[in-house]
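A.B. asks: generate coordinates for the sequence data below:
(one chain, ligands or ions: 1)
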Amino acid sequence: MQENNIYLDGIDKEFLEGNVEYALTLEWNLSDGKSIDDHVHCVICMRPMKENDGIRKYESENEYMDVFCFDRFIKKQE
Ligand SMILES: [Zn+2]
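C.D. replies: Modelled structure (predicted):
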């Protein structure tokens, strides 16, 4: 978990907060990964995402988020 969360380390705090603020305006649903292509990054931590990387993903209209960011920034605020 800690290792997989490495993308959150070293991210500029204001950049991160801006991303979280934006993400909170969107509605997130669990993704099946099918619509993920090579250019998709987590909207919060910018982690590159792939369909079969074993990381649970959430999706909004045109955005994606990994489970680490979702659990940390989105889920607890519901
Ligand atoms: Zn992320």
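
A.B. asks: where's the residue lying closest to F70 once chain neighbours are set aside, which helix or strand?
C.D. replies: Of all residues not flanking F70 in the chain, Y58 sits nearest, at 4.9 Å (Cβ to Cβ, 6 or more residues apart in numbering). To be clear about C-beta, it is placed using only N, CA and C from the backbone, and glycine gets the same treatment. Applying DSSP states H and E as the criterion places Y58 in strand 57-59.

A.B. asks: same deal with G18?
C.D. replies: helix 13-23.

A.B. asks: show me which positions of that helix end up buried.
C.D. replies: By neighbour count on 16 or more other Cβ atoms under 10 Å, the buried set for helix 13-23 is 16, 19-20, 23.

A.B. asks: what's opposite the residue nearest to the spatial centre of the chain in the beta bridge?
C.D. replies: The centroid of the chain falls nearest to M65 when counting by Cα atoms, centre = their mean (2.2 Å). In this entry, M65 is beta-bridged to Y58, by DSSP bridges.

A.B. asks: what's the neighbour count on V67?
C.D. replies: 18 (other Cβ atoms under 10 Å).

A.B. asks: show me the shaky parts of this structure.
C.D. replies: When residues are selected by pLDDT under 70, those of the chain lie in 1-5, 76-78.

A.B. asks: which parts of it sit against the ion?
C.D. replies: Contact residues (Cβ under 5 Å from the ion) of the chain with the ion: 42, 44-45, 47, 66, 69.

A.B. asks: now secondary structure too, for these, in a markdown table please.
C.D. replies: Shown next, in a markdown table, are the residues of the chain next to the ion (DSSP: H, G, I helix; E, B strand; the rest coil):
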| residue | secondary structure |
| --- | --- |
| C42 | strand |
| I44 | coil |
| C45 | coil |
| R47 | coil |
| D66 | strand |
| C69 | helix |
